[in-house]
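Trainee: the following comprises the amino acid sequence and a computationally predicted model.
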Amino acid sequence: MKQILQFISLVGLLLTILPPVFFFLGKISHTVQDLLMLIGAVVWFGSAVFWLGGKAKTKEKLIQ
Amino acid sequence: MKIATISKKLDALYEFDREPVSKNALQGIGNFLGNFAGEHVAGTEFVIGMLFVAHGVSVTDMFLGGLIGNILAVLSWAFVTTPIAIKVRLSLYWQLKKICGPVLVFLYNIVNALMFCFLAGAMVAVSATAVGIPFKVEMPTLTDMYPSSVGWVVTVFAVGAIITTFAILGFEKLARFSKVAAPWMFFIFLAAAISSFPRLGVETDLSNFWEVARTKIWTGTALPGQSQFTLWHVIFFTWFANAAMHLGMSDLSIFRYAKKWQYGFASAVGMFLGHYVAWIASGILYAAATSDAPGEVAFQAIGIAGALCVIVAGWTTANPTLYRAGLALQVASPGWSRWKVTLIAGLITTVAALFPALVMKLLDFVALYGLVLIPMGGVIFADFYLMKKFGLKDYYAERMKINFNWAAGLTWFILLAAALVMNQVVGIELYFLPLPAWVLAVGLFVLLSKIYQKKAVL
């Protein structure tokens, strides 16, 4: 299950980084780029939250 | 409030880590790499890279100065902070208490808490620049010092209220969310920079990138109203952006879990992803934008995902900061519960966030933050390495059971006063003061201890 979630998260990151590359290369419009990146954000947070971010140490950095 | 009460409350707050870290609690390098990667790709990065451009940093200064400054920061963690951390294995609080006594640590805690409030305030303001976009709020510009519109005030109060509420509820879940957000935020920085290339006229084969970088991004000429930065500014700012954590020793609390001193080099991940790549990326997207507000700048580059990133980045930085400020201030309050103290801290934070100067002068604030706390790092360094060599006693406050080690206190006060004079009278910029302050703190603490430690040591 974890591996599937990690794969979905990877897709989210790819949807974040690839659209600007395609926009830069003139393959897609700015609007499409923005839409794909928004989908990427939803996919990333929707999947990574289940496998990334173990229990945090709450007090170890009280004085920074 | 009685000294004994203050001391008791402080001890209770840090009770769980009173003893040195045991062998079985030590952590692998992966934890440190993850911690640094997550902590240093934050809301501040959006602003710092942008302000470098505004201060007229040249392309060579940006790339070379950033490289040198970050290397020096990593070396500071690896050769100064971590070796002490793995030998003592105590948090900054307990280490300072043994040297300085409870009253001086209390003062340090309060100063630190106020600094936290202002840092969180800057992040509330950064988030507000994105939250205000759909409501067409008039955004502050680089030279704005005071609230620019009623819409801005309302937006900041709304963001401040939400962030304070979450800080009151505790920040463990949010810290986990922050871990989840970190990789995505780094990709967003990169993505926004790439997306800005066409607007800057970068060719698709990148053949003219350096030319564009030199003439349109890091031009070497400061914007009107901004001071001119040089290579030295970039090196010193980059080196001391986390002065409180490395030479200021607050990361003793982190590296006491390290198996080897070499784990200090893990800081390179945070420095080069956050304080190099992300700063360069935010400079690029600012140069292509028509606004000075980070939220608007990111929105212009990559739409809602960009604005979302600014909100998330500001929020995930502000929340733990505000939580820590609340905890630190709790010690000073007359028996108030944590939620009340955090509410007060949130109010201070939100009022501070109303002033765009906090964001637009973030470089000065970050330098000031490091400068104020760095002398105590010098005191810890001298106590660890030099006291015995000079025939003096380390952990003097603990040995003598005193509440206030005047040698440490005077070292801190004298150096802060000297830094104030050097800045206000002589005109030396804040960025250049942390290094001499740290070096002088080491020497002054030994000298003052020579005079102060005349009493017989138990």
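Mentor: Done, it's in.
Trainee: name the residue of chain B that lies nearest to chain A.
Mentor: With Cβ to the nearest Cβ as the measure, B:Gly303 is the residue of chain B nearest to chain A, at 2.9 Å. C-betas here are computed from N, CA, C, even on glycine.
Trainee: can you check the pLDDT for that residue?
Mentor: With respect to pLDDT, B:Gly303 has a value of 95.
Trainee: name all residues that make contact with it.
Mentor: Applying Cβ atoms under 8 Å, 6 or more residues apart in numbering or on different chains to B:Gly303 gives the contacts A:His30, A:Gln33, A:Asp34, A:Leu35, A:Met37, A:Leu38.
Trainee: same check on B:Asn242?
Mentor: B:His40, B:Ala73, B:Gly370.
Trainee: okay, those in a markdown table with distance to B:Ala298 next?
Mentor: Below are the contacts of B:Asn242 laid out as a markdown table (distance: Cβ to Cβ, whole Å):
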| residue | distance to B:Ala298 |
| --- | --- |
| B:His40 | 18 |
| B:Ala73 | 26 |
| B:Gly370 | 26 |
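Trainee: just the buried residues from these, in PyMOL please.
Mentor: Buried residues among the contacts of B:Asn242 (16 or more other Cβ atoms under 10 Å in any protein chain shown), as a PyMOL selection:
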select buried, chain B and resi 40+73+370
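Trainee: hmm, stretch B:250-260 in reach of chain A?
Mentor: Yes. Taking Cβ under 8 Å from any Cβ of the partner chain as the criterion, stretch B:250-260 and chain A are in contact, through B:Ser250, B:Asp251, B:Ser253, B:Ile254.
Trainee: wait, a helix at the third one?
Mentor: Yes. Secondary structure assignment (DSSP: H, G, I helix; E, B strand; the rest coil) places B:Ser253 inside a helix.
Trainee: for the closest residue to chain B within chain A, give its distance to B:Ala191.
Mentor: For chain A, the nearest residue to chain B under the criterion Cβ to the nearest Cβ is A:Asp34, separated by 2.9 Å. If you measure A:Asp34 against B:Ala191 using Cβ to Cβ, to the nearest Å, the figure is 11 Å.
Trainee: then B:Lys97?
Mentor: B:Lys97 is 46 Å from B:Ala191, by Cβ to Cβ.
Trainee: compare those two (neighbour count), which wins?
Mentor: When B:Lys97 and B:Ala191 are compared for neighbours, B:Ala191 comes out ahead with 30 against 24, by other Cβ atoms under 10 Å in any protein chain shown.
Trainee: check whether that one sits in a helix, strand or coil.
Mentor: For B:Ala191, the reduced secondary structure class is helix; criterion used: three-state DSSP.
Trainee: contacts only, for it.
Mentor: A:Thr16, A:Ile17, A:Pro19, A:Pro20, A:Met37, B:Ile302, B:Ala305.
Trainee: quick one: pLDDT of it?
Mentor: 96.
Trainee: leaving out the residues flanking it, which one is nearest to it?
Mentor: What sits nearest to B:Ala191 in space, not counting adjacent residues and going by Cβ to Cβ, 6 or more residues apart in numbering or on different chains, is A:Pro20, at 4.4 Å.
Trainee: is that neighbour in a helix, a strand, or coil?
Mentor: Reduced to three states with three-state DSSP, the structure at A:Pro20 is helix.
Trainee: what residue ranges in chain A are flagged as low confidence?
Mentor: Applying pLDDT under 70 to the predicted model, the residue ranges of chain A that meet it are A:53-64.
Trainee: can you pull out the helices in it?
Mentor: Read by DSSP state H, chain A holds these helices, from start to end of the chain: A:2-24, A:30-48.
Trainee: hmm, who's touching the longest one?
Mentor: With contact meaning Cβ under 8 Å, 6+ apart, helix A:2-24 is reached by A:28-30, A:32-34, A:36-37, A:39-48, A:50-52, B:183-184, B:187-188, B:190-192, B:194-195, B:197-198, B:202, B:204, B:302, B:305.
Trainee: with the last one instead?
Mentor: With Cβ under 8 Å, 6+ apart as the contact definition, helix A:30-48 has outside contacts at A:5-6, A:8-9, A:11-16, A:18-20, A:22-23, A:28, B:180-181, B:183-184, B:188, B:191, B:195, B:302-306, B:308-309.
Trainee: whichever of those end up buried, select them in ChimeraX.
Mentor: When burial is assessed using 16+ other Cβ under 10 Å, the buried subset of the contacts of helix A:30-48 is captured in ChimeraX by this command:
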select /A:5,8,9,12,13,15,16,18,19,20,22,23,28 /B:180,181,183,184,188,191,195,302,303,304,305,306,308,309
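Trainee: what sits against B:Ala192?
Mentor: A:Pro20, B:Ala281, B:Ser282, B:Ile284, B:Leu285, B:Ala298, B:Ala301, B:Ile302, B:Gly306, B:Cys309.
Trainee: between these, which is closest to B:Phe432?
Mentor: Closest approach between the contacts of B:Ala192 and B:Phe432, by Cβ to Cβ: B:Ser282, at 23.6 Å.
Trainee: wait, what's in contact with that closest one?
Mentor: Residues B:Glu45, B:Phe46, B:Val47, B:Ile48, B:Gly49, B:Met50, B:Phe189, B:Ala192, B:Ala193, B:Pro294 are the ones in contact with B:Ser282 under the rule Cβ under 8 Å, 6+ apart.
Trainee: which of those residues fall within helices?
Mentor: Using DSSP H, the subset of the contacts of B:Ser282 located in helices is B:Glu45, B:Phe46, B:Val47, B:Ile48, B:Gly49, B:Met50, B:Phe189, B:Ala192, B:Ala193, B:Pro294.
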